[in-house]
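**Q** sequence first, predicted model second:
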Amino acid sequence: MFSFFRKKPAPTSAPPAAPAPATAAPTAPPAAKTGGLIGSALVAPMEVPVAPAVAPERQSWLNRLSDGLRKTGSSISLVFTGATIDDALYEELEAALLMADTGVAATEFLLNEVKRKVQASGATRPVQAKNILVDALTQLLKPLEKPLVIGERQPTVIMVAGVNGAGKTTSIGKLTRHLADGGASVLLAAADTFRAAAREQLAVWADRNRVEIVSQEGGDPAAVSFDAVTAGRARGKNVVIVDTAGRLPTQLHLMEELRKIKRVVTKAEATAPHEVLLVIDGNTGQNALQQVKAFDEALGLTGLVVTKLDGTAKGGVLAAIAQEKPIPVYFIGVGEKLEDLETFNAREFALALLA
Ligand SMILES: Nc1nc2c(ncn2[C@@H]2O[C@H](COP(=O)(O)OP(=O)(O)OP(=O)(O)O)[C@@H](O)[C@H]2O)c(=O)[nH]1
């Protein structure tokens, strides 16, 4: 059994996912600049935590993530550029979080956390409040961190759904590449039987990754999925990934079609599907939260893939998901290329959002 993924893990001497927490006291800056510790140990007089040196490969995608989220992050981090922590700062913070699509419930939670900890620690400088926000956001997002585990079942059947254009096929292509690189054999099922372009696109990804594909023009998407799972089992594949056609949660007959695909997959393999993933476009903000709720109700989701975080002003939606519908985020998409898919790390995301 193996969980995905770190194709090339960062050296253990420089753990990538554990930058110094805001609550710890890292190397103290010069006393003249900071005035020493203020209040309790909760808030050390330091700048926003900076991740330790990481492998260049990892650094490059982290940069892409923070560049993408900058549209969101800059407006949130601008809140902390003043001289004092006052009511105006809290009002601006509330507005900035809502603008980033954090949603009312998560915004309220984060705001209350920052106020409470600022008061408890006696913090007076905005940068300290920002550190506290990084921490609070990390804690909120933490339950979304979970690796995708492959290999408990053979084949592991992964069903992928989402609205049109969310990035399903691209994400499947990227995931297939990582799985294949990790030594897993993969079979793809093109369960979008109506749109020729969708099948062709998946076939291109299959070709690039040198994996097999079950595809059929017209016909029943559930039947293609059944065939693929059966073939995957017969051919001893480690993973079968079922790519479904895009649909809106309001298209009830298409949502019913998805339920049918899931039922039929279970007929082909009693324990399948082992994972039901929803791909959401990070640009769609609060709409993405509605999609998560609707698809979860229809299918029982096991995980999310959040795409297009390389160019969004709405990254706060992950906080809304954590607050209202905490389904694990297995991967995030930070670009269109094969390698632009990464595991989700709460702290990295919080730091990138507030960079
Ligand atoms: N910038 C960026 N673009 C992405 C990302 N993921 C996917 N895309 C692009 O989004 C567009 C739609 O992606 P698809 O994979 O075709 O989406 P889909 O959900 O399969 O679409 P349908 O089959 O029409 O439902 C393509 O142009 C992709 O290149 C990402 O992480 N970042």
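**A** Yes, it's here. If you're wondering where the values come from, they're calculated on a predicted model, not measured in any experiment.
**Q** mind listing the strands for this protein?
**A** 2-4, 148-150, 156-161, 186-190, 212-214, 239-243, 275-281, 303-307, 329-333, 341-343 (DSSP state E).
**Q** reformat those strands as TSV; add distance to the ligand.
**A** Where C-beta positions appear, they are placed from N, C-alpha and C, glycine not excepted. Shown next, in TSV, are these (distance: least, Cβ to the nearest ligand atom, whole Å):
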stretch	distance to the ligand
strand 2-4	17
strand 148-150	17
strand 156-161	9
strand 186-190	10
strand 212-214	15
strand 239-243	7
strand 275-281	6
strand 303-307	4
strand 329-333	3
strand 341-343	7
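**Q** just name the most buried of those.
**A** strand 239-243 (a mean of 30; mean count of other Cβ atoms under 10 Å).
**Q** thought V186 was touching G236, still the case?
**A** No. Contact status for G236 versus V186: not in contact, 11.9 Å apart, counting by Cβ atoms under 8 Å.
**Q** just the endpoints, please. Distance across stretch 274-293?
**A** Chord length of stretch 274-293, first to last residue, is 19 Å (Cα to Cα, to the nearest Å).
**Q** how about the residues of the stretch 201-350 of the chain that lie near the ligand?
**A** Selection of the stretch 201-350 of the chain residues close to the ligand by Cβ under 6 Å from any ligand atom yields 246, 279, 307-308, 310-311, 333-336, 340.
**Q** confidence-wise, which of these comes last?
**A** Within the set of those, pLDDT is lowest for G311 (79).
**Q** what's the neighbour count on that residue?
**A** Residue neighbour count, defined by other Cβ atoms under 10 Å, stands at 15 for G311.
**Q** how near is the residue nearest to it when sequence neighbours are not counted to the ligand?
**A** The shortest distance from G311 to any non-neighbouring residue, by Cβ to Cβ, 6 or more residues apart in numbering, is to G68 (5.1 Å). Per Cβ to the nearest ligand atom, to the nearest Å, G68 is found 8 Å from the ligand.
**Q** before we move on, what about D86?
**A** Distance of D86 to the ligand, computed by Cβ to the nearest ligand atom: 38 Å.
**Q** and what of A96?
**A** For A96, the distance to the ligand - Cβ to the nearest ligand atom - is 24 Å.
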